[in-house]
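Engineer: quick one: sequence and predicted model below, then my questions.
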Amino acid sequence: MNTKSSSLSSISDLFRPTNPRGLRSRDLSSTRLNVLKKEIQTDAHMIPLSNLYTLLGTDPVHGLSNDRAKELLDYYGPNTLTPTTQFLWPRLLFKSLCTGFSILIWLGAVLCLTAYLIELSTKPDPSTDNLYLGCVLIAVDVVCGLFSFFQNYNSTKIMKTFNSMIPMNARCTRDGVLNTDTEVHNLVKGDIIFVEIGDVIPADIRIIESKGFKVDNSSLTGECIAVPRSNTDGTDNILESPNVAFSSALCVEGWAKGVVLCCGDLTALGRVAGLAARLQPAPSPLSREIRRFMRCMSVWALSLGAFIAGASLTLGYPFMQTTVFVIGIIVANIPEGLQPTVTASLTLTAKRMVAKKCLVKNLEAIEALGACTTICSDKTGTLTENKMCVHHIWISNKTCSVLDPDLGSSLMNDEAFTAFEICGALCSNASVSSNGVVRGDASEKAILDFLFMFDDPITLRKRYPKVAEIPFNSVNKYQVSVHLDLLSSTYLVVMKGAPECIISRCSTLISNNKIINMSTEIKEATDIATENLANTGERILAFADCILNPKEFPLDYNFDTEDVNFPLDNLRFLGLVGLKDPPREEVRYAIQRVREAGVRVMMVTGDHPATARAVASEVGIATTPNCHVVTGTELRNMTPDLLYLTLEKHYEIVFARTSPTQKLQIVEACQRQGGVVAVTGDGVNDAPALRRADIGISMGITGSQVSKQTADIILMDDNFATIVTGIEEGRKIFDNLKKSVCYILISNVPEIIPVLIFILCSIPLPLGVMTILCVDLGTDMWPAVSLSYEKAEQDVMARPPRTSDPLVSACMLRLAYGHLGLIEFAAGMFAYFIVMAEHGFYPSNLFGIREEWDNEAVSDVEDSLGQEWTYAERKELERACQAAYFVAVVISQIMNGIICKTRYNSLFHVGMQNKVLKMGIMVELIVACVVCYVPGVNTFFRTYPLRLRWWFLALPFAALMFIFDEFRKYCIRKQKFGGWFNMLTYY
Amino acid sequence: MASKSNGLETSWARAPPPNRPFCERALRAIYDPEEKTFLGRTPKRWGIVLAFYAVFYAVLALMFAICMAGLFSVLDDRKPTFILGSSLIGANPGVASRPRGIAFDTQNSSNFDDYMNELQEFLKPYENETWFSSKKKCTKEDNYGFPESPCAFVKLNKIYSWKPDFIGATELPADMSEDLQEYIKGLSESERQQVWVSCWDEKNNSTTTQIEYPWGRGLAGRFYPFLNQDGYISPLVAVRITPPTNTLIAVRCRAWAKNIVYNKSLKEPSGYVRIPIMITDHAAVNITVSATS
């Protein structure tokens, strides 16, 4: 016992808010994970209560003292679920600063600063260009990093506010005073608390005293069955122990007083949540895509840089010059704007989704939803409302559906139904509050709700006051109560329970206003009715009553429920009710649309196979009767390979009776198949699967706290149909991201080739590194983001999910680097040559001029017309040329943005509806003007106030781009040239 | 499964290609005997792809050529589109010198032969000019003064249609050195139509550095304006410098005209040229060393 309690205390030590042992946070986190993976080891539910009180230092009547409670609160921390260290902001910040291209940019910055330092130590007055550039590169890195950091940070912050949005109070005794509004997070171990019907249990408690106390553990197990809890002896497994009630369980009946055993992360709920939170989710398809692309791009940029460095060193360029080349190559090759564009596009889509009541916590999940191939859906609370309803009643040897509009009139004059009404209203522990809200067990609630449609059960209850009661227990499987009929002064025994128990106790049956004997035929008929109802997944309850003879049972008769002194046999059988958790209205249509979009929908539930299958066929998950049902027991005996094969073999599968870990296994098996898996769920038992899935979708209203914390997407209005919108948006955003990436990549070409020809042909540099950054992060940004506002080009929901369709395909690279980029490069070079030629340097003279041109000591470089240029004059001309090149790139990028609006349709067909893009083009022009004309800004970016006519130099090339691209799309649509355009350039 | 809406099927959407060892995969990437593909395409497909790109690049090149031809049709072969202030070259000519800097070792004649060759090459176009051939000092004959007192030739940058605004004898600026002022005053009115050149050692130790102007101290006004005439050559001023050995000096030569702006800053130089000179003489070093010892 000592070891056990010491291990208990060491665990609580591990979960203290302050790190107690000075462990490094990573070690602490993994230690915690290992602890959570183990079963709960405690004997707090086994030892006598008095021992427990001494152990916890509490008193069952007076509770803890306020001081002690405060001390414990300070020591162990509040009774809340701690988010994992993952959301620690410095780490998040560090990650945002060092992902993807950032490392390359850091490298560039370091090169710049090294070059500056070398210059500083060798030259008396070094040029500050390298210093500037280094600082700008660092600034770019920091700004990009901060941008994505705030995006991520905001989404976690939304969660935090979400967390605090749920106000909860508990009734807790401290210092002998009962506080009714103690905040739940202030509860500590040893507190004495009261819970009653309707409350959510705030921590794991051991029951001290209770009356008719029943809890609904559906948030832990996913099954809405109320189980009784009382002060009895515990069983070995604390999870099944009948004297412990767990945090998050809902009290559906009675009241209880209990002592808090553990709080926060150490509760059963906290453990599952903690395990779920510490599981590493699979990286989203989009981030995999981007990472792959970045890796390729970085390798390409670095190898090109290394090649250039090697070449220029062997050609005899000094080290400084080589550094400048390498920086130029690296900066030109990296699409710096990619990460901000992707993040911004996703954020905008997420904002749009919020308007549709869909909170996107993890931005990439929205795209992953578009790529998703399989949806594993939980049943209770997700597909269904997690609310019992009467679906069928069987009375007078006929089955009536509740949905039948003629039901009321057909039953109106049926005595059987009147008796049934009375029995239903009386034999029930559910209470009706003054404002008409029914509280109690789910099935009793359902029956009362049903009865409200015909009569008022409250008046019935007033007419028949309760005299005695035998509550439901799992041995008897029925409940009985005895009532006094105030009108006839007779006693009435009403009974409700499982059909097989009730029918065996009945001797007569009321049917068509007659009382007939229970013959074998009638028993068979009831059996068939029971079976039929059970096959549709309904839970069946039977009702029976018996009017006691007033002579045998006079008014002052003393009913004894312990030693039953009234008849429980030879009752009159009244009828059956079929209860069911009905599927949500919109689910069927939504699943149909999802399946049309090529997404496989599977059901993974903790519920019974028959119920699961019935709901599956009702909502359209199972369309054929031979839908495969796998139960948890079968699953336990399956090897992973067999599970894999089963998933391959059957398209429609229902998994029933599954445990949280099995849900996780199913998700992992689907992922092993190469699928992108979405999991919808609402309970804590879904949390590990939600976490592991590519997209975890939780319900905002019925969903448990933990499932919301784990999920990537929260459906705020519990509307399953939002998933369809999500898939649509996800697919659209992927199409549009392709356009944005293509747009960004195209401008890379006119950035790389100038550096190459600067080295190879020795012409003055046509585009400076600063201007490259200007294009990548200034002018290109808005249009690239605005492409995500494009409408879907084709019916995105009519095609299967993408499987081998990458974000950046060879086709896109061919189109960007081989076609459109080259046209932009031509436009830029044309502008460059024009400005040079108009000042006297004809193209033929430029080749090979660089050594003289860049030499500060040479103050007379002769142009083609005999004029001689000093260094300062040459550099000014160079700036003007670079500015002209920049403007040409901007102008052709504007045309490019218009081109990239569509991938397939003609622009004339699509039109210029996108207001954001139009604005983006305006902004692009304004930014270009600011960069060129504002004094100070233009010296910083090495540009020059250009003559007006130099702005139009790129127009013929822009026109060529447009014509070429329209021609290309026309060929793609019409499959011209044997589909060669499709094969080469359709991205 | 993964058919795009344009009807293209990606061939292995369902099953990934069989996993082969790396070498075989690499070989198959180069030549696949089953598919008869070379680098992923059959020869016929390669032909089509190349033709496809050839046409595209031909169109692009044609477009570029047309644009460039259009550009050259509007350009004047002899006159720049923008002149003086409207051009980026401005109306303030830079000053340049040949050689741009001098550094050699007296013991090693091949060292300064390079400078002599450079100067000879530079002065070749001048050989037919009468004013040039009449000069006696700083010519090929006296090795341009090398090695003891090398000559540097100072000139103004050519700027189309730039005309100097000469400084009259009465309005000589105060910062002009006295010897130049006297020199100008000693000339006749017709000879004063010149762009004056004055040189000095930047450290101002005139005792050790001697500067002579064997060809006179000005660039004659008759050479201006430059209009890209055939056979135009810039006027020159020869500066003969006798520097101290084994020390680095810088001689600054300034051109004087009213429309030549002088900015003494080293970062944004204007109106002057700077000639760094370093003559290493081991004999002299030895003498000084022995003298001190």
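Structural biologist: Happy to help now that I have it. Numbering: from 1, shown residues only, chains lettered A, B, ... in the order given.

Engineer: can we go C-alpha only for contacts and neighbour counts from here?
Structural biologist: OK.

Engineer: any idea of the pLDDT on A:Ala534?
Structural biologist: We have a pLDDT of 79 for A:Ala534.

Engineer: can you report phi and psi for the closest residue to chain B within the stretch 451-600 of chain A?
Structural biologist: With C-alpha to the nearest C-alpha as the measure, A:Gly598 is the residue of the stretch 451-600 of chain A nearest to chain B, at 9.2 Å. Taking degrees, to the nearest 10, you get phi 80, psi 10 for the backbone angles of A:Gly598.

Engineer: next up, the contacts around it.
Structural biologist: With contacts taken as C-alpha atoms under 8 Å, 6 or more residues apart in numbering or on different chains, A:Gly598 has the following neighbours: A:373, A:798-801.

Engineer: just the buried subset of the residues you listed, please.
Structural biologist: A:373, A:799-801 (16 or more other C-alpha atoms under 10 Å in any protein chain shown).

Engineer: intersect those residues with the contacts of chain B.
Structural biologist: The residues of the buried ones among the contacts of A:Gly598 that also fall near chain B, by C-alpha under 8 Å from any C-alpha of the partner chain, are A:799-801.

Engineer: quick one, what contacts B:Ala91?
Structural biologist: Under the criterion of C-alpha under 8 Å, 6+ apart, the contact list for B:Ala91 reads B:84-85, B:159, B:162, B:259.

Engineer: of those, which is the most crowded?
Structural biologist: When neighbours are counted as other C-alpha atoms under 10 Å in any protein chain shown, the busiest of the contacts of B:Ala91 turns out to be B:Ile159, with 26 neighbours.

Engineer: how close does that residue sit to A:Gly840?
Structural biologist: Look at B:Ile159 and A:Gly840: by C-alpha to C-alpha, to the nearest Å, they are 11 Å apart.

Engineer: and what of A:Met983?
Structural biologist: Shown here: A:Met983 relative to A:Gly840, a distance of 46 Å by C-alpha to C-alpha.

Engineer: so A:Tyr714, which state does it fall into?
Structural biologist: Small correction: residue A:714 is Ile, not Tyr. Classification of A:Ile714 using DSSP: H, G, I helix; E, B strand; the rest coil returns strand.

Engineer: surely it and A:Thr702 touch.
Structural biologist: No - counting by C-alpha atoms under 8 Å, A:Thr702 is not a contact partner of A:Ile714; they are 10.9 Å apart.

Engineer: quick one, which of those two is more surrounded?
Structural biologist: Neighbours of A:Ile714 and A:Thr702, each counted by other C-alpha under 10 Å, are more numerous for A:Ile714; the result is 27 against 20.

Engineer: which of the ones next to chain B among the buried ones among the contacts of A:Gly598 lies closest to A:Leu642?
Structural biologist: A:Leu642 has its nearest neighbour among those in A:Pro801, at 25.4 Å by C-alpha to C-alpha.

Engineer: so that closest one touches A:Arg595, yeah?
Structural biologist: No - taking contacts as C-alpha under 8 Å, A:Pro801 lies outside contact range of A:Arg595: 10.6 Å.

Engineer: closest to B:Ala61 among the buried ones among the contacts of A:Gly598?
Structural biologist: Comparing the buried ones among the contacts of A:Gly598 against B:Ala61 with C-alpha to C-alpha picks out A:Arg799 as the nearest, at 40.0 Å.

Engineer: where do the helices of the stretch 151-300 of chain A begin and end?
Structural biologist: Using DSSP state H, counting those that start in this stretch, the helices of the stretch 151-300 of chain A run over A:218-221, A:268-278, A:285-314.

Engineer: JSON lines please, covering the ones you listed and showing mean pLDDT and distance to chain B.
Structural biologist: What follows is the helices of the stretch 151-300 of chain A, written out as JSON lines (pLDDT from 0 to 100; distance: least, C-alpha to the nearest C-alpha, whole Å):
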{"stretch": "helix A:218-221", "mean pLDDT": "63", "distance to chain B": "37"}
{"stretch": "helix A:268-278", "mean pLDDT": "70", "distance to chain B": "32"}
{"stretch": "helix A:285-314", "mean pLDDT": "85", "distance to chain B": "16"}
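
Engineer: can you tell me which of those comes nearest to A:Lys398?
Structural biologist: helix A:218-221 (33.3 Å).

Engineer: coming back round to it: look at A:Met983 and A:Gly840 and report which has more neighbours.
Structural biologist: Just comparing A:Met983 and A:Gly840: by other C-alpha under 10 Å the higher neighbour count belongs to A:Gly840, 28 against 14.

Engineer: show me the strands in the stretch 451-600 of chain A, by range?
Structural biologist: A:466-470, A:478-485, A:490-497, A:506-511, A:514-517, A:539-547, A:571-580, A:600-604 (DSSP state E, counting those that start in this stretch).

Engineer: repeat that for the stretch 51-200 of chain B.
Structural biologist: If DSSP E, counting those that start in this stretch is used as the criterion, the strands of the stretch 51-200 of chain B fall at B:95-98, B:102-105, B:151-156, B:194-201.

Engineer: looking at the ones you listed, which is nearest to chain A?
Structural biologist: When these are compared for distance to chain A using C-alpha to the nearest C-alpha, the nearest one is strand B:95-98, at 5.8 Å.

Engineer: next, the buried residues of that closest one.
Structural biologist: Those would be B:95-98, for strand B:95-98 by 16+ other C-alpha under 10 Å.

Engineer: same thing with stretch B:189-209?
Structural biologist: Residues of stretch B:189-209 classed as buried under the neighbour-count rule (16+ other C-alpha under 10 Å) are B:192-201, B:209.

Engineer: now the terminal residues of that stretch, how far apart.
Structural biologist: End-to-end distance for stretch B:189-209, by C-alpha to C-alpha: 31 Å.

Engineer: on that earlier part again, closest to A:Asp233 among the ones next to chain B among the buried ones among the contacts of A:Gly598?
Structural biologist: Of all these, A:Asp233 sits closest to A:Pro801, with 54.4 Å by C-alpha to C-alpha.

Engineer: which element is the closest one on?
Structural biologist: In this assignment (DSSP states H and E), A:Pro801 forms part of neither any helix nor any strand.

Engineer: sorry, back to before: shared neighbours of B:Ile159 and A:Gly840, anything?
Structural biologist: With C-alpha under 8 Å, 6+ apart, B:Ile159 and A:Gly840 have common neighbours A:Gln867.

Engineer: return the residues of chain A in contact with chain B.
Structural biologist: Residues of chain A found near chain B (C-alpha under 8 Å from any C-alpha) are A:799-805, A:819, A:823, A:826, A:830, A:834, A:838-840, A:857-860, A:865-870, A:872-874, A:876-877, A:957, A:972-973, A:982-983.
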